[in-house]
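Asks: Generate a structure from the sequence data that follows.
(chains A and B)
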2 protein chains.
Amino acid sequence: MKEFLLLTPGPTSVPARVLEKTALPMIHHRTKEFQGILERVNANLQKIFLTRHPVMTFAASGTGAMEASITNLFSKGDTALSFSAGKWGERYRDIARAYGLDVKSFEKTYGEAFTPREIEAGLKQHPGARAVIVTLCETSTAVLHPVEAIAKVTQKHGALLLVDAISGLGCDPLKMDEWGVDVVVAGSQKGLMLPPGLAFVALNERASAKITASNLPKYYFNFTETLKMMKKNDTPFTPAVSLIRGLDEALVMLLEEGIEKVWRRHAETAAWVKSKVASLGLKLFSKAPTNALTAIEMPNPIDSGAVIKVMRDEHRVVMADGQGELKGRIVRFAHMGAACTPADARRGFEAFTDAMAKAGFKIEAAV
Amino acid sequence: MKEFLLLTPGPTSVPARVLEKTALPMIHHRTKEFQGILERVNANLQKIFLTRHPVMTFAASGTGAMEASITNLFSKGDTALSFSAGKWGERYRDIARAYGLDVKSFEKTYGEAFTPREIEAGLKQHPGARAVIVTLCETSTAVLHPVEAIAKVTQKHGALLLVDAISGLGCDPLKMDEWGVDVVVAGSQKGLMLPPGLAFVALNERASAKITASNLPKYYFNFTETLKMMKKNDTPFTPAVSLIRGLDEALVMLLEEGIEKVWRRHAETAAWVKSKVASLGLKLFSKAPTNALTAIEMPNPIDSGAVIKVMRDEHRVVMADGQGELKGRIVRFAHMGAACTPADARRGFEAFTDAMAKAGFKIEAAV
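Replies: The predicted structure follows:
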């Protein structure tokens, strides 16, 4: 029987090379051997985030890193502008609210992206804003935000720009330092080709300068302690040793290929999937598509759940349904991380075409 | 070359059966397959914690679970009595302080344990106390607390008993429901024989009843959401899939052996190590020893760092130094989890004896 092909927008397929490293016999974290791994991992993370600033690694899901960026850089009552275009933008907003920030919530119709002009309008409306929160790739709608242009705008207005790049990092271009992004949050189980369980936060000097003024309570996610320990290639709490050894290998793989080439592979695969979807006469849900996944709108009366079930049961290809109000309405076909190859995209598209036909959709031409 | 033998008090050695499961090809977490794993894991965790109450699993280090138990069950200003006998008790106390609890700190000389009478005296002194925080096995000093008797005392006074069982669970006896422990916090990388990266919190009804009244901010560690999702064999955030598959296997292994037998194996191994240490004329540091590890006091002028280095370099046996002010003064010889076997203890003791001799300690008899 064929192996399952995981084309979900996280967790993504983990390469055998990486899985092997995660399964090496356990080592203690306060040893020269592990310090060497941490030193290399920390240096290589910078090459993927394209920053000369520290990239902190936490044992947590991506949500933990979002929380860390709020609790370590802000205080109760600070004004934060949340620009959310889907479920993940909403999550970041909800975290800021949970910690008592004064959140001004801007929301887009699902499928659309904010323009830099809209973000500037928000900043002009709230001149005291300390934070602008955006999502690089909004996985729930397959929308990509123009982070480079957004960074130009936020810099002018003196707010910190926090970018949720959990699913975008390693898929869509992101140049932290060159673009002037202040805070980048990421997770392990997307473009980094790892199992879930690690979360990352990178901070530039503008962001680091805010740490001491923050009065929100925190302990497990503590930037001061983490940055201090990183200088000694150490961590404040027991790190997720096996996942970090996997990370070490995954970063080497990404750097062997080169980050620009990794992005190009995602761009080319995304373009191919989109063109094939268009050739079936189907519509993309996203008006500003990411390279990490393609969200395909289901024509009436086809239910995406049924299509996904046929793909899974008959083709062993796993894609994701829409979330929340989009459930049943879109198929999310991910081409992310290690499963972003022409062969995987082709297998995914063949499964999709067959499942659509079985759901009653008339396949027009030879595909 | 021999494999390293990890006799550190966490991370502990991970059995090959468990490592293999962590390295299986990635699966998506919102699938029937993973729900089946979560259902079994949640049921089996209850058999190890000896509770009929839910045991929550978080992607985090043990410190994250400590924090969760504070932020979800208490409010700012609540009085908490911290009974700390070492570094880990101090950590739990510091977390409660970081979140604004009114912490009354009781501290023991390192190497000693609190008696139930001392804890009762604390409760009488602070009749409004909402929490009593103790450590089952204080790994920094190898001290075991009499949790069964402590639970009797706290129940009489109406405070919740929070037990840090991060390194004790699966090594020292702990019967959550029978003893009436309200909150048990644990981690993956000790008696549970897993890599670090998972943390656990179990709550009885007395503890669960406090969740709604808590006004501390939280998001990533949220008991309400976690308990709600557990009912559907789901998690609020992406779980650490590979570690949970390893956990599934580790729990099966523990249940195959039987938790009472697992405790007995630890008790017997601990007794053997202690008797051998005594036969060398050396002293135990702990006045109330745990079965999870043995802390061996170094006679003047021997530095534990030098002994540990010889064990590591010449015998490939890894033990831990003391922490903080105990650095250089004790060797921590762990017999915890999968590395708690007669053969491992023997190899550890032989390495230790040789390293002590090389450090200038006169080995008296044939050992």
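Asks: Please, which helix or strand holds A:Gln155?
Replies: helix A:147-157 (DSSP states H and E).
Asks: how far out from the middle of the chain is that helix?
Replies: 20 Å (C-alpha atoms, centre = their mean, to the nearest Å).
Asks: what sits up against it?
Replies: A:114, A:116, A:119-120, A:123-124, A:127, A:129, A:132, A:134, A:136, A:160-161, A:163, A:174-175, A:179-182 (C-beta atoms under 8 Å, 6 or more residues apart in numbering or on different chains). Placement of C-beta: from N, CA and C, glycine included.
Asks: Any of these buried? List them.
Replies: Among these, the ones that count as buried by 16 or more other C-beta atoms under 10 Å in any protein chain shown are A:114, A:116, A:119-120, A:123, A:129, A:132, A:134, A:136, A:160-161, A:163, A:174, A:179-182.
Asks: Who are the contact partners of the residue nearest to A:Arg130 when sequence neighbours are not counted?
Replies: Of all residues not flanking A:Arg130 in the chain, A:Asp78 sits nearest, at 4.5 Å (C-beta to C-beta, 6 or more residues apart in numbering or on different chains). Taking C-beta under 8 Å, 6+ apart, we find A:Asp78 in contact with A:101-102, A:130-131.
Asks: And A:Asp78, how far from chain B?
Replies: According to C-beta to the nearest C-beta, to the nearest Å, A:Asp78 and chain B sit 14 Å apart.
Asks: repeat for A:Lys156
Replies: Separation of A:Lys156 from chain B (C-beta to the nearest C-beta): 30 Å.
Asks: Show me how far the lengthiest helix in chain A is from its chain's centre.
Replies: When chain A is parsed with DSSP state H, its longest helix is helix A:259-279. For helix A:259-279, the separation from the chain centroid amounts to 17 Å (computed by C-alpha atoms, centre = their mean).
Asks: what sits up against it?
Replies: A:47-48, A:50, A:170-173, A:191, A:254, A:257, A:284, A:289-292, A:294, A:296, A:333, A:335-336, A:340-342, A:345, A:348-349, A:365, A:367.
Asks: Same question for it: list its buried residues.
Replies: A:259, A:262-263, A:265-266, A:269-270, A:272-274, A:276-277.
Asks: do the same with stretch A:100-110
Replies: So stretch A:100-110, judged by 16+ other C-beta under 10 Å, has buried residues A:101-103, A:105-106, A:108, A:110.
Asks: Return the member of those nearest to A:Val14.
Replies: A:Tyr110 (29.6 Å; C-beta to C-beta).
Asks: what sits against the closest residue to that closest one other than its chain neighbours?
Replies: Computed as C-beta to C-beta, 6+ apart, the closest residue to A:Tyr110 that is not its neighbour in sequence is A:Thr141, at 5.0 Å. Applying C-beta under 8 Å, 6+ apart, we find A:Thr141 in contact with A:85-86, A:110-111, A:285-286, A:295, A:326.
Asks: Helix, strand or coil: sort out A:Thr141 for me.
Replies: When classified by DSSP: H, G, I helix; E, B strand; the rest coil, A:Thr141 comes out as coil.
Asks: what's the distance between it and chain B?
Replies: Distance, A:Thr141 to chain B, using C-beta to the nearest C-beta: 18 Å.
Asks: Any figure for the gap between that residue and A:Gly111?
Replies: Taking C-beta to C-beta, to the nearest Å as the measure, A:Thr141 falls 5 Å from A:Gly111.
Asks: Common neighbours of the two, please.
Replies: Common contact partners of A:Thr141 and A:Gly111 (C-beta under 8 Å, 6+ apart): A:285-286, A:295.
Asks: Mark which of the residues you listed are buried, thanks.
Replies: Among those, those classed as buried by 16+ other C-beta under 10 Å are A:285-286, A:295.
Asks: And the residues you listed, which is closest to chain B?
Replies: Of all those, chain B sits closest to A:Ala295, with 16.7 Å by C-beta to the nearest C-beta.
Asks: Just to be sure, the closest one is in a helix?
Replies: No - looking at A:Ala295 with three-state DSSP, it is strand, so not inside a helix.
Asks: Show me which residues of the stretch 51-200 of chain A sit near chain B.
Replies: Applying C-beta under 8 Å from any C-beta of the partner chain, one finds that the stretch 51-200 of chain A approaches chain B through A:59-64, A:67, A:94-95, A:98-100, A:187, A:189, A:195-197.
Asks: Point me to the residue of the stretch 251-367 of chain A nearest chain B.
Replies: For the stretch 251-367 of chain A, C-beta to the nearest C-beta, closest residue to chain B: A:Val318, 5.7 Å.
Asks: just checking, that residue touches A:Lys309?
Replies: No - if you go by C-beta atoms under 8 Å, A:Val318 and A:Lys309 don't touch, sitting 10.6 Å apart.
Asks: neighbour count winner among the two?
Replies: When A:Val318 and A:Lys309 are compared for neighbours, A:Val318 comes out ahead with 21 against 15, by other C-beta atoms under 10 Å in any protein chain shown.
Asks: Around chain B, pick out the residues from the stretch 251-367 of chain A.
Replies: Checking the stretch 251-367 of chain A against chain B by C-beta under 8 Å from any C-beta, the hits are A:318, A:320.
Asks: for the stretch 251-367 of chain A, which spans come out with low pLDDT?
Replies: The stretch 251-367 of chain A contains residues with pLDDT under 70 at A:365-367.
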